[in-house]
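Novice: Got a sequence here, can you build the structure:
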Amino acid sequence: MKRTIIKIEEELCNGCGACVTGCHEGALQLINGKAVMVSELYCDGLGACIGECPVGAITLEEREAEPYDEDAVMERLLQKGEKVILAHLNHLKEHGETGLFKQGLSYLEKHNIQLNFQEKEKTLACGCPGSMMREIRPAENNDYKIPSGIIPPKSATSELRQFPVQLHLLNPHAPFLHGVNLLLAADCTAFACGDFHNRFLKGKMLAVACPKLDSNTQSYVDKLSEMIDGAMIDTLTVIIMEVPCCGGLVKIAEMGRQQAERHIPIKVIILSIKGDIIRENWI
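Specialist: Got it, this is the predicted structure:
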């Protein structure tokens, strides 16, 4: 079957083993000083190991692979103890993998294994903090207190409403994406426009990508298609820079819409390198 799974660049891997520790499912091992996937059955494709790798040797790709087997993973985790099992279940839950999470609980129930779930929030965290799914309430953006006597600019308040934001890490089935207006932004746009949050992000959820430097852009097409059909996003706004390579992001958005069964409006905003709007139109 074709699914999202990790890819290890052997030349980049320095053999530190951090990814092996970060993969509770046991899909990775160090062999001859390099990280190696020992079984596709154990790789859930959620990328916990990506945040652990200090040299960027691990990415996600869409390819033919054996289907992930939650029961096989749970069987392996029983040997590692309660904390590892809870970390694994927490990992699934935070990525919105409700089906796999319930399957893991069912396995425990079937084998009459009792765990102390009350301690989960105190002792465990997701193995990949960079991709931990989190919805941000408006009040959370206003914790910073500006010193007295300083007049804050209008753009001082963050309009970010969720985390993560990188499209490779964003779960298309996350509950906070249902029925929203999505902003798909090229990496450089927020740095070019000083008022990015107030002008473009306000009232929208965010996905960030680079069509030139990111790998496996087909997975972007698939994710956007899932967001259109599954999350039922309302509109998609694509904001890019004036440089030619940025146009690939618009193409990705169009391909995602074409692949989906629903048809939603797409707005394209092109910024100059100074952050000014060059063109804005619906397609």
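
Novice: Give the buried residues for the helix or strand K102 falls within.
Specialist: Per DSSP states H and E: K102 is located in helix 98-110. By 16 or more other CB atoms under 10 Å, the buried positions in helix 98-110 come out as 100-101, 103-104, 107. Every C-beta, even on glycine, is put in place using the N, C-alpha and C of the backbone.

Novice: so where's the stretch 51-200 of the chain shaky on pLDDT?
Specialist: Residue ranges of the stretch 51-200 of the chain with pLDDT under 70: 51, 94-96, 116-156.

Novice: Go again with 80.
Specialist: Where the stretch 51-200 of the chain drops to pLDDT under 80, the residues are 51-52, 80, 87, 90-98, 115-156.

Novice: hey, where'd the strands end up in it?
Specialist: 58-64, 134-135, 162-163, 181-186 (DSSP state E, counting those that start in this stretch).

Novice: can you list these in CSV and add distance to G194 and mean neighbour count?
Specialist: Formatted as CSV, the strands of the stretch 51-200 of the chain follow (distance: least, CB to CB, whole Å; neighbours: other CB atoms under 10 Å):
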stretch, distance to G194, mean neighbour count
strand 58-64, 31, 17
strand 134-135, 26, 13
strand 162-163, 22, 18
strand 181-186, 15, 24
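
Novice: Can you convert those strands into CSV and add a column each for distance to N216?
Specialist: Putting those into CSV (distance: least, CB to CB, whole Å) gives the following:
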stretch, distance to N216
strand 58-64, 4
strand 134-135, 24
strand 162-163, 22
strand 181-186, 16
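
Novice: from what I can see E97 touches L46, true?
Specialist: Yes. Between E97 and L46 a contact is recorded at 7.0 Å, counting by CB atoms under 8 Å.

Novice: higher neighbour count, the two?
Specialist: L46 (26 against 22; other CB atoms under 10 Å).

Novice: Quick check, pLDDT for the more buried one.
Specialist: L46 is assigned 78 on the pLDDT scale.

Novice: So it: helix, strand or coil?
Specialist: Counting by DSSP: H, G, I helix; E, B strand; the rest coil, the backbone at L46 sits in coil.

Novice: could you measure it against E82, distance?
Specialist: Remark: distance between L46 and E82 (CB to CB, to the nearest Å) = 21 Å.

Novice: R3 now?
Specialist: In this view, R3 and E82 are 29 Å apart by CB to CB.

Novice: And for E9?
Specialist: Applying CB to CB, the value for E9 to E82 is 34 Å.

Novice: beta partners for L184?
Specialist: L184 has the following beta-bridge partners by DSSP bridges: A207, V238.

Novice: give the contact list for it.
Specialist: Contacts for L184 (CB atoms under 8 Å, 6 or more residues apart in numbering) come out as 167, 207-209, 224, 236-239, 249, 253.

Novice: Kindly recompute the last result at 6 Å.
Specialist: Contacts of L184 were listed using CB atoms under 6 Å, 6 or more residues apart in numbering, and they are 207, 238, 253.

Novice: do L89 as well
Specialist: Residues in contact with L89 (CB under 6 Å, 6+ apart) are G104.

Novice: What separation do you get for it and L78?
Specialist: Counting by CB to CB, the separation of L89 from L78 is 13 Å.

Novice: ditto for L271
Specialist: 53 Å.
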